[in-house]
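A.B. asks: got a sequence here, can you model it:
(2 chains)
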Number of protein chains: 2
Amino acid sequence: VSVFGFEERELASLVRSVRPERPGADAPDGSLADEFAALVWTSIAEPGDRVCGALTRALGPGLALRLLIERVEPERIAAEVEAREATGEPRPALVAALRDALDRWQPRISARLAVRAIEQAARFRVGAILPQDPDWPRGLDDLGESAPAALWFRGDVERFRWFARSVAVVGARASTGYGDHVAAELTAGLGDRGVAIVSGGAYGIDGVAHRTALASDARTVAILAGGLDRFYPSGHDALLTRVAADGLVIAEVPCGTSPTRWRFLQRNRVLAAATIATIVVEAGARSGSLNTAGHAAQLGRRLGAVPGPVTSAASAGCHRLLREFDADCITSVDDALELAGLDVTEPGSAVDPAPRTDPPDVVRVLDALSPRQPMDAMSVAAAAGMSLGDVLAVLGPLELEGRARESERGWLRSTTVAT
Amino acid sequence: VSVFGFEERELASLVRSVRPERPGADAPDGSLADEFAALVWTSIAEPGDRVCGALTRALGPGLALRLLIERVEPERIAAEVEAREATGEPRPALVAALRDALDRWQPRISARLAVRAIEQAARFRVGAILPQDPDWPRGLDDLGESAPAALWFRGDVERFRWFARSVAVVGARASTGYGDHVAAELTAGLGDRGVAIVSGGAYGIDGVAHRTALASDARTVAILAGGLDRFYPSGHDALLTRVAADGLVIAEVPCGTSPTRWRFLQRNRVLAAATIATIVVEAGARSGSLNTAGHAAQLGRRLGAVPGPVTSAASAGCHRLLREFDADCITSVDDALELAGLDVTEPGSAVDPAPRTDPPDVVRVLDALSPRQPMDAMSVAAAAGMSLGDVLAVLGPLELEGRARESERGWLRSTTVAT
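C.D. replies: Sure thing, here's the model as predicted:
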C-alpha cells in the first residue's frame, strides 16, 4: 500500500489525525488507502463532480486516485470501470468525460496539496466522515454520482445522527424583522420537539435559525461552502464557533478552500439532501435559497415556504415556491412538523379539516328566531321556510344545547352563544 | 292561462313591470305563466332548495306552481315528474322529498305574497332575469338543481354579460390595512384589463373591491343575501346605490326578504358559480369567505388566495386555502389573470419559470477570476479546477459580454457587471 509515495505508516498517521476513532492500523489494507484517497479527492474535484463520483464508486477512491497519479490513459481507466460494470454509460462517452475530467483535475493532483489539507484539518480540529461510516447522513446517498466523497466537520461525529430528524431552515441574508421573527418561532418550536435545525451559516435567516437553536438548547448544524479553517462570513465566526461546540459545522471542501459561488450552489444540494425537509422562511425573487429549494424538490424532499405580505420583496421567492414549486404553505410549527412527516405532539392545535357549520335546518331556525321577540313554533316555521315538524325537531336539541329557549310567550334565541 | 286566479292580462302587467324589455303579450301562452311563476318561486323556496330546482326543471315553473296551488298530492306530482323522466331519483325518495318540501313551502304559497314581491320590485326599480334570458350568467347552470329560479337586480340587464369576464374578489369584513391595500391593487389592475369585479357588498374587503372598481371606472357587481328594497349593511347604502347606478346589484331573494345566515351561505354559492374564479384577499380562520371558496372549489372554479404574514389572524383563512384547498397563491394582478385563464397583457411582467443561473463552467471561471489581480489562463484553469481549453472557451464569450477582460498582465473579472 502506497499512495503518492507515502508508506502505510505515514498514511495511517495522516488518516488517524482526522479520524481518531478508527485507527488505520486496524483497518484492512485496501481500506486505509481508500480512506486517505477519499480525503484527497475532496481537494482534487470540485463539489458535485459527477465523473469523480462515477470513478470513485466504480473503482473505489484508492484505485481511482492511483490511476490518476500514474497518469493512466483515459481509455484504460474506462476499461477498468466497465470491467466492473458499475456505470451504464457507453464507452466513448465515458472516455470523453474522463479526458475532460483528467484535464481539470491534473493541476490539483499533488502530494503537497493533499497533505496540507489533512494537516490543516488536524490543526483546526476538523474531522472527516466517509460514506461507509455508520453516522454518515444516508440522505446524501440520493445524490448518486454527485454525492460527496467525504465531509469535513467540526463537532462531535455522533451528532451526524441528528440528520435522521432534521429540517433545513434557510432564507434570505437580507431578511426582515418579520422573517427573523418567524424563523425564530419555527426554530424554537422544532427544536423543542427534538428536530435538528440545519442551515447555511449566512447572515439573515440562517443566522437567526442557528442563534435561536443555540439559545433554546436545540440541535443545530451549519453546512458551509468553504473550508472549516476559516468561517465565512467572518462576522459569524463567534456564532459558528458556538455551533461547532454545541452542534456541528460541516463542509464538503477541505481546509484552505474559499467559498465560491459554485461551491455555495453545491453546498445547497448537501443541505437539501442531508435533511428530511427544507423550509424557506424569506427569500427574494432570485435568492440562493431558491436553489436549495430546487435541489430539495429535485431530490423528492418535502419543500415548505413561509408566506408573507405580497408587498414584501423578501417574501417574493417564497411565493414563487408556493406558486411554481408546489411548496407547502408553512404558517406554524405544526405545519413544519407535518411537512417533515414528524409527529405533531399537540394534535389539538391542528386546524380542522373544514369550517364547521350547523346543518341547514339548524341555521334556518336560528336565523328565524329572535333574541328579543318570542315566536310560536308555527311562526318560526313560516319564517324559516320549514315544516312545523322539522322546526320542532330542531328546537328540542337547540334548547338542550342552550342555544334557544322557550319563554311563556314563545321561542327565543339565546344570546349567550354566538350564532 | 291563470295563476292564483290572475288572468292573462294581470299576469302580463305584473311580469312586464319587472321585465320591461320582453312584453309578456308577445310571449307564447305557457311562457307568461312560467315567467310569473319563476318569480313567485323565489318567494316560496329558500335559496338553494334542490326540490324546488328538480320540480321547476322537470315540469316548468308554471305547472310546478299550479300543482302546489291546487294542493295536488305528492304521489301525483312525483308521477308527473317521472312521466317526463327528468329526474333519476327513485320514486319513494322523490315522494318523501316532495312531502317535506310541500310542508315547508305551504306557509308561503300566497297570491298576496307573490304580488307584493313584484310590486315592491317595480317600486324600487328592481328587475328580474330568468335562466332562459340571453344574458343569464351561464356559470349558474353548473349549480344544477340548486340553481336560482330567477335573479332580481338593480342596474342595466345587459351588464349581466360582464360575468363572462369576471372574478369574485372577496374577504374578511375585519380586514387590515394590508388586505385593503392588496384588494385595491388587485381590483384596479383587473378592472383596467376589463375584468368585472364581483363581490358581496359587505364591509372590509368587499367594500374596498366595489369602491376601487367604481373609482377606476371598472365594472363591478354586488351580489347580496337580502332583498334589494333595502341594502345591507345599511352603512353601505350609498356605495351599493352607486354600484347599482354604474354596475349591477343582484339578489336571489325578492324584495322584503331579510339577509339571514342561511341566505349568506347560499349567496356565496351564486358568487362562486357566476364568476370565472374566486380570490380571497383576507379571511380569518372561520370567515364566511371560506364558504365562498369551498363553493368555488366544489364547482371546479379556479380558487386563489392572497398570502399575508403568518402572524396576522386576518390571513389565517387564506393560508388554510393554500394548504388545504390547493388554492393558487395570488401575489399580483398577473397571478390573478393567470388564475382566471384571462390574457396577461404584459407578458414581460410575468416571473421567469426558474431562477436563471450561468452554466457551471461560467460560474467556476468567474469565481476563479479576480477583479484586481490579473491571472494567466493556466492559473485560472488551476483555480477553477478546469482544463485550459475549457477555460479559454468560456473566457471568450465572457469578454464579449463585458464580464471579463484581458489586460496586458492577464485576465480580470469586470466589476461593472454583478456576478
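A.B. asks: tell me where the model's unsure across chain A.
C.D. replies: Applying pLDDT under 70 to chain A flags the ranges A:1, A:20-30, A:85-90, A:344-356, A:416-419.
A.B. asks: A:Ile279: what secondary structure?
C.D. replies: Of the three states, A:Ile279 takes strand under DSSP: H, G, I helix; E, B strand; the rest coil.
A.B. asks: wait, I meant A:Leu412
C.D. replies: Following three-state DSSP, the label given to A:Leu412 is strand.
A.B. asks: look at it and say how many residues are nearby.
C.D. replies: Applying other CB atoms under 10 Å in any protein chain shown, we find 17 residues neighbouring A:Leu412. C-betas here are computed from N, CA, C, even on glycine.
A.B. asks: same thing with A:Arg125?
C.D. replies: A:Arg125 has 12 nearby residues by other CB under 10 Å.
A.B. asks: same check, this time on A:Ala296
C.D. replies: Neighbours of A:Ala296 using other CB under 10 Å come to 29.
A.B. asks: hang on, A:Val249 in a strand?
C.D. replies: Yes. Judged by three-state DSSP, A:Val249 forms part of a strand.
A.B. asks: was I right about it contacting A:Gly226?
C.D. replies: No. With contact defined as CB atoms under 8 Å, A:Val249 does not count as touching A:Gly226 (11.1 Å).
A.B. asks: got the contact list for A:Glu145?
C.D. replies: Contacts for A:Glu145 (CB atoms under 8 Å, 6 or more residues apart in numbering or on different chains) come out as A:50, A:53-54, A:57.
A.B. asks: closest to B:Ser234 out of the residues you listed?
C.D. replies: Lowest distance from B:Ser234 to the contacts of A:Glu145 (CB to CB) belongs to A:Arg50, with 70.3 Å.
A.B. asks: who's A:Gly304 bridged to?
C.D. replies: Under DSSP bridges, the beta-bridge partners of A:Gly304 are A:Ile279, A:Asp328.
A.B. asks: can I get the contacts of A:Glu145 in JSON lines including neighbour count, distance to chain B and secondary structure?
C.D. replies: As requested, these are arranged in JSON lines below (neighbours: other CB atoms under 10 Å in any protein chain shown; distance: CB to the nearest CB, whole Å; DSSP: H, G, I helix; E, B strand; the rest coil):
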{"residue": "A:Arg50", "neighbour count": "15", "distance to chain B": "11", "secondary structure": "helix"}
{"residue": "A:Gly53", "neighbour count": "19", "distance to chain B": "15", "secondary structure": "helix"}
{"residue": "A:Ala54", "neighbour count": "22", "distance to chain B": "16", "secondary structure": "helix"}
{"residue": "A:Arg57", "neighbour count": "19", "distance to chain B": "20", "secondary structure": "helix"}
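A.B. asks: closest one of those residues to A:Asp34?
C.D. replies: Distances from A:Asp34 to these, taken by CB to CB, are shortest for A:Arg57, at 11.8 Å.
A.B. asks: ok, now how distant is the spatially most central residue of chain A from chain B?
C.D. replies: Central residue of chain A (CA atoms, centre = their mean): A:Ala168, 3.1 Å from the mean position. Counting by CB to the nearest CB, to the nearest Å, the gap from A:Ala168 to chain B is 18 Å.
A.B. asks: wait, doesn't that residue sit right on A:Thr292?
C.D. replies: Yes. With contact defined as CB under 8 Å, A:Ala168 counts as touching A:Thr292 (6.8 Å).
A.B. asks: anything in contact with each of these two?
C.D. replies: Here A:Ala168 and A:Thr292 have A:271-272, A:278 as joint contacts, going by CB under 8 Å, 6+ apart.
A.B. asks: out of those residues, which is most surrounded?
C.D. replies: A:Thr278 (31 neighbours).
A.B. asks: measure it to B:Gly207 for me?
C.D. replies: Remark: distance between A:Thr278 and B:Gly207 (CB to CB, to the nearest Å) = 40 Å.
A.B. asks: kindly report the same for A:Gly226.
C.D. replies: On the measure of CB to CB, A:Gly226 and B:Gly207 end up 55 Å apart.
A.B. asks: across the sheet, point out what pairs with A:Ile197.
C.D. replies: In this entry, A:Ile197 is beta-bridged to A:Val167, A:Thr220, by DSSP bridges.
A.B. asks: what comes up buried for stretch A:10-20?
C.D. replies: For stretch A:10-20, burial by neighbour count (16 or more other CB atoms under 10 Å in any protein chain shown) applies to A:11-12, A:14-19.
A.B. asks: out of those residues, who's nearest A:Leu65?
C.D. replies: For the buried residues of stretch A:10-20, the nearest to A:Leu65 is A:Leu11 (11.8 Å; CB to CB).
A.B. asks: which residues sit in contact with A:Arg116?
C.D. replies: Listed by CB under 8 Å, 6+ apart, the contact set of A:Arg116 reads A:Gly256.
A.B. asks: next, the buried residues of the one helix or strand it maps to.
C.D. replies: Using DSSP states H and E, A:Arg116 sits in helix A:111-123. Across helix A:111-123, burial judged by 16+ other CB under 10 Å covers A:113-115, A:117-118, A:120-122.
A.B. asks: can you check stretch A:358-372 too?
C.D. replies: A:358, A:361-369.
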